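Undergrad: Sequence isn't available, so here's the structure alone:
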Ligand SMILES: NC(=O)C1=CN([C@@H]2O[C@H](COP(=O)(O)OP(=O)(O)OC[C@H]3O[C@@H](n4cnc5c(N)ncnc54)[C@H](OP(=O)(O)O)[C@@H]3O)[C@@H](O)[C@H]2O)C=CC1
Ligand SMILES: O=C(CO)[C@H](O)[C@H](O)COP(=O)(O)O
């Protein structure tokens, strides 16, 4: 990001605990011809003196205590009207705590989620800032210059809303990202078990990305690309199924199946998004299970132990599919619905939080921010599904499950999703997020769930009350405690039951 700003002509003062890290950036800046544009500062005092006022300080730090420590260290050297632009994946509550902490000093703290990975950080990321409006208006012209541009050259940055809303929306962006990545890796696993080689799968992803419902999906485009990458310098081919061209092994053939960021604490966005979904009472089947799947994958040692205890567990069988092209088309549609469900669930979380915190989120800006440069960029979903709802900038009724456009695609793709899950169940394929998506769409659109029995049991043992099918008032539509209790079994003492035979 330092290089990105330098490229825009900005003088960048770097500060990092590692002098080596700063030297590496300066060397790159010099090589790129931004001579003298990037300078390093060991101490906050000299760093802050090097900046003209009002200063703009950009954080790109691990979340939590590091940000607190850095802010604490900087504050004595800052003055009124200075702006901190926190571009890390910070928890929104930390952002709001820091906004409150600096308020009386006149320092303004913006929480700005940044997406697109290190390639986009260099070339132009998607940026999601929220906080003090005056500060946002001051930094926006700079951010508009460096941010990713959509196909109409519009910058993928905009004022999201008040408080910690920028970091919140970015956090949910990552929750959506996790749902999409889960579905994609599950589809990849199925294709592997269909006997397809890594590069052949890469070609399928290339097709998926070029037209139809998964068109222009960043995660699919990088999936297509990574499937063909070989590491120079190695001469054995670990993948018996992959194409024989080239002597070097495909890198993907050697990647172990562990996703560990949640456990190591490097990142928190998946944990926070799911915690938020649960705390805000948002059913987020795909996101929840995608997270649990990552967790289970991380504990490789435990999986090995359970595998031994279960005499080899339940490995997927080879899939013998008669009409391969038709099944891959089903898989494409199942993957699409899982990505769509991830967006629907994520937007429902944001909308609920927005209502709870009063952030006044600008949904048209959220749409624009996700349009390019970010990990969840999905052209079809954005243009066809999200645009009609988010661009009209509603303050409520953002639930895409009520959208006729979603209904149309669900009618078209749901049978394919059902076939993929059925085949997966039959052959022990690993499809947690894809299966959860099938359940999600069934459940959220059902008007006769088996939870009637659940309610009855709750009332039986806990007198938790229930509503009745014959009740016609608005209450039955709302998540309110029911009006009825049935005395399923009167509470009696042991003495009453056993009478004279009762012994103390
Ligand atoms: N990687 C990605 O694709 C993306 C990352 N993010 C977010 O951006 C932020 C940075 O990510 P990333 O660059 O990957 O993470 P890194 O861990 O690579 O970098 C973190 C930076 O913070 C510095 N740092 C660590 N501790 C301190 C401290 N006590 N005081 C001052 N500086 C410190 C590190 O210094 P040192 O050089 O000494 O290690 C390093 O420069 C994170 O919040 C991440 O979640 C957001 C979007 C994408
Ligand atoms: O924020 C990001 C992308 O948007 C970062 O790449 C982040 O490091 C991904 O990690 P995680 O999968 O744990 O969210």
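TA: Noted; the coordinates are in hand. These figures come from a predicted structure and were not determined experimentally. Residues are numbered from 1 along each chain as shown. Ligands and ions are numbered 1, 2, ... in the order given.

Undergrad: Please make it C-alpha for all contacts and neighbour counts, starting now.
TA: Will do.

Undergrad: What's the mean pLDDT across the longest helix along the chain?
TA: When the chain is parsed with DSSP state H, its longest helix is helix 324-357. For helix 324-357, mean pLDDT rounds to 98.

Undergrad: what about residue 15, how many neighbours?
TA: Residue 15 has 18 neighbouring residues, counting by other Cα atoms under 10 Å.

Undergrad: next one: the one 5 residues further on
TA: By the measure other Cα under 10 Å, the count of residues near residue 20 is 10.

Undergrad: and the angle for the helix or strand harbouring residue 443 with helix 324-357?
TA: If you go by DSSP states H and E, residue 443 is part of helix 432-444. Orientation check (axes from the mean of the first three to the mean of the last three Cα atoms, to 10 degrees): helix 432-444 against helix 324-357 gives 60 degrees.

Undergrad: which other residues reach helix 432-444?
TA: Identification of contacts with helix 432-444 by Cα atoms under 8 Å, 6 or more residues apart in numbering yields 179, 182-183, 186, 284-287, 289-290, 293, 334-335, 337-338, 341, 401, 414, 417-418, 421, 449.

Undergrad: Out of the residues you listed, which sit inside strands?
TA: Within these, no residue falls in strands by DSSP state E.

Undergrad: How confident was the prediction at residue 33?
TA: 94.

Undergrad: returning to what we had before: just the buried residues of the contacts of helix 432-444.
TA: Using 16 or more other Cα atoms under 10 Å as the burial test, those include 179, 182-183, 186, 284-287, 289-290, 293, 334-335, 337-338, 341, 401, 414, 417-418, 421 as buried.

Undergrad: and the gap between residue 449 and residue 184?
TA: Taking Cα to Cα, to the nearest Å as the measure, residue 449 falls 29 Å from residue 184.

Undergrad: now swap in residue 340 and tell me
TA: As defined by Cα to Cα, residue 340 lies at a distance of 12 Å from residue 184.

Undergrad: Could you do residue 215 as well?
TA: 14 Å.

Undergrad: can you check residue 250 too?
TA: Counting by Cα to Cα, the gap between residue 250 and residue 184 amounts to 19 Å.

Undergrad: Residue 419 too?
TA: 17 Å.

Undergrad: how far does the helix or strand hosting residue 25 sit from the chain's center?
TA: Using DSSP H and E, residue 25 sits within helix 19-31. In terms of Cα atoms, centre = their mean, to the nearest Å, the centre of helix 19-31 is set 32 Å apart from its chain centre.

Undergrad: Which strands or helices does that helix pack on?
TA: Contact here means 3 or more Cα pairs under 8 Å, 6 or more residues apart in numbering; DSSP states H and E; on that basis helix 19-31 packs against helix 2-7, strand 38-40.

Undergrad: can you tell which of those is closest to ligand 1?
TA: helix 2-7 (11.0 Å; Cα to the nearest ligand atom).

Undergrad: how about the residues of the chain near ligand 2?
TA: 115-117, 174, 261-262, 267, 269-270, 375 (Cα under 6 Å from any ligand atom).
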